[in-house]
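> sequence first, predicted model second:
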Amino acid sequence: MKIGIVCYPTFGGSGVVATELGLELSKRGHEIHFITYSQPVRLELISNNVHFHEVNVPEYPLFHYQPYELALSSKLVDMVKLHEIDVLHVHYAIPHAYAAYMAKKMLHEEGINLPIVTTLHGTDITLVGSHPFYKSAVAFSINKSDAVTSVSQSLKDDTIRLFDITNEIQVVPNFIDFSKYSDEFKDCQREMMASNNEKIITHISNFRPVKRIKDVINTFFQIQKEIPSKLMMVGEGPEKESAELLCEKLGIEDKVLFFGKSHEIDKILCFSDLFLLPSETESFGLAALEAMASGVPVISSNSGGIPEVNKHGVSGYLSAVGDTKEMVHHALSILRDDSLLAMFKENAKAEARQFDIHKIVPFYESIYNKAMTNCISI
Ligand code: GMT
């Protein structure tokens, strides 16, 4: 198949999932065309089977807001015609599903049928998409897609609750490529990060308010009072500066390392003992799954789709959003007992196995085939 993929090219989970999906599909013999405003961060390999087409929005002084959807839909039409793309998979509803519908409509005028598969990722539904300013357009684009998938049952339920949905939504969970989390990194450079008696705790996110960064710092603050430990903070975003200030205020700045955006999260996770994800809302929690695949137990909130990934008492523990007292209690119970920690590490890895990329990608292939056969009229 020739598959067009539209996504955000940044470090966010939806872009990572879209990129890894495209790369795996290319290994399975499909021709992949990424169409976005810059090369996706995890897309290192451009080959015969993997292409990248950049969407440019020319600056014009009249425009207060640059019309990205317009440029994207035009580019989609051009690329579909030029490369004879069979199916378009758009990740994140806003504005991708909307631009895809416009492209489909333009192509229809020329006698070309373009099936559209839309994957809902989370904030496109729970935080942004349901805003009254966007709601009608998001519901319309979901209902007009030939197939719609969501990354968790929780997100599917939220979508049905928040929008007037007439289309079927299929749950296809996010996945992990285990070849990137092999044991070869075990104990890599751990000694550079912490001494032997210290435990390493990690948080990875885009540092947006929804991630509750203060809960991460406060939880760590209590943990390090009881157990010698270090905190690795990976990522960039609006809450990073206030997090650094809070560490200074609490007097733990020498125990907390801020890495910024990193291409080497597998290496950071390989020496981590515990992962913290206290998010306000999280449709899936790809960062938690990546931690688990590296054998790192997860202390998280129980919001959204996280319980579908992190299993309470098995791969880590879940607590109510904001209950940092309980998170500290759970973290200490695991970190104080080395044999328990080893068991949780093994469990985390085993739980992650159900999200193996090789199990999940065939679902998308069959969705593409079905969408191509049943391509809805517009
Ligand atoms: O977490 C973010 O803020 C980034 C966001 C995105 O769209 O890139 O992540 C969402 O999609 C990920 C991939 O499907 C999910 O793992 C995240 O849980 C989801 N984030 C939220 O729901 C807050």
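Yep, that arrived.

> who's in contact with the residue of the stretch 101-250 of the chain found nearest the ligand?
In the stretch 101-250 of the chain, the residue that lies nearest the ligand is Gly122 (2.5 Å; CB to the nearest ligand atom). C-betas here are computed from N, CA, C, even on glycine. The neighbourhood of Gly122, defined by CB atoms under 8 Å, 6 or more residues apart in numbering, consists of Gly13, Ser14, Val151, Leu155, Thr281, Glu282, Ser283, Phe284, Gly304, Gly305.

> return the member of these nearest to Phe220.
Nearest to Phe220, judged by CB to CB, of the contacts of Gly122 is Glu282 at 19.0 Å.

> tell me how many other residues surround Lys180.
When neighbours are counted by other CB atoms under 10 Å, Lys180 registers 15.

> you'd agree it is up against Asp266?
Yes. At 5.5 Å, Lys180 and Asp266 qualify as touching, with contact defined as CB atoms under 8 Å.

> thinking again about what came up before, out of the contacts of Gly122, who's near the ligand?
Taking CB under 6 Å from any ligand atom as the test, the ligand is in contact with Gly13, Ser14, Val151, Thr281, Glu282, Ser283, Phe284 out of the contacts of Gly122.

> now the third one: closest residue in space, sequence neighbours ignored.
The reference is to Val151. Phe284 (4.4 Å; CB to CB, 6 or more residues apart in numbering).

> Gln354 versus that neighbour, what's the distance?
Counting by CB to CB, to the nearest Å, the separation of Phe284 from Gln354 is 13 Å.

> and for Phe207?
Phe207 is 29 Å from Gln354, where distance means CB to CB.

> break down the stretch 1-150 of the chain into its strands, ranges please.
For the stretch 1-150 of the chain, strands defined by DSSP state E, counting those that start in this stretch occupy the ranges 2-6, 31-36, 50-54, 87-91, 116-120, 147-150.

> using PDB, write down the CA coordinates of stretch 80-100.
Provided in PDB are the C-alpha atoms of stretch 80-100 (Å, rounded to 0.1, in the frame of the first residue of the first chain):
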ATOM      1  CA  VAL A  80      -1.900  12.000  -3.300                       C
ATOM      2  CA  LYS A  81      -2.000  12.700  -7.100                       C
ATOM      3  CA  LEU A  82       1.800  12.700  -7.600                       C
ATOM      4  CA  HIS A  83       2.500   9.500  -5.600                       C
ATOM      5  CA  GLU A  84      -0.800   7.800  -6.100                       C
ATOM      6  CA  ILE A  85      -1.300   7.400  -2.300                       C
ATOM      7  CA  ASP A  86      -4.000   4.800  -1.500                       C
ATOM      8  CA  VAL A  87      -4.900   5.800   2.000                       C
ATOM      9  CA  LEU A  88      -4.300   8.800   4.300                       C
ATOM     10  CA  HIS A  89      -3.700   8.200   8.100                       C
ATOM     11  CA  VAL A  90      -4.000  11.400  10.100                       C
ATOM     12  CA  HIS A  91      -2.900  11.600  13.700                       C
ATOM     13  CA  TYR A  92      -4.400  14.200  16.100                       C
ATOM     14  CA  ALA A  93      -7.800  15.500  14.900                       C
ATOM     15  CA  ILE A  94      -6.900  19.200  15.000                       C
ATOM     16  CA  PRO A  95      -6.500  20.400  12.300                       C
ATOM     17  CA  HIS A  96      -5.400  17.200  10.500                       C
ATOM     18  CA  ALA A  97      -8.700  15.400  10.200                       C
ATOM     19  CA  TYR A  98     -10.300  18.600   9.000                       C
ATOM     20  CA  ALA A  99      -7.600  19.300   6.400                       C
ATOM     21  CA  ALA A 100      -7.800  15.700   5.200                       C
END
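
> interface residues of the protein facing the ligand?
So the chain meets the ligand at 12-15, 17, 92, 121-123, 126, 151, 174, 206, 208, 210, 281-286 (CB under 6 Å from any ligand atom).

> buried ones among those?
For the residues of the chain next to the ligand, a neighbour count by 16 or more other CB atoms under 10 Å gives the buried set as 12-15, 17, 92, 121-123, 126, 151, 174, 206, 208, 210, 281-286.

> among those residues, which are located in helices?
Gly13, Ser14, Gly15, Val17, Thr123, Thr126, Leu286 (DSSP state H).

> out of those, what pair is the most spread apart?
Gly15 and Thr126 (17.6 Å).

> on that earlier part again, quick one: which of Phe207 and Gln354 has more around it?
Neighbour tally, Phe207 and Gln354, criterion other CB under 10 Å: the higher count belongs to Phe207, 22 against 13.

> excluding covalently adjacent residues, which one is nearest to the more buried one?
Using CB to CB, 6+ apart and skipping residues adjacent in sequence, the residue nearest Phe207 is Gly237, 2.8 Å away.

> wait, that neighbour sits on Ile204?
No. Applying CB under 8 Å as the test, Gly237 and Ile204 come out as separate, 11.1 Å apart.

> neighbour count for the two, which is higher?
Legend: neighbour count by other CB under 10 Å for Gly237 and Ile204, higher for Ile204 (26 against 16).

> looking at it, that one is touching Ala287, isn't it?
Yes. In this structure Ile204 lies within contact range of Ala287 using CB under 8 Å: 4.7 Å.

> if I look at the two, which residues touch both of them?
With CB under 8 Å, 6+ apart, Ile204 and Ala287 have common neighbours Phe275.
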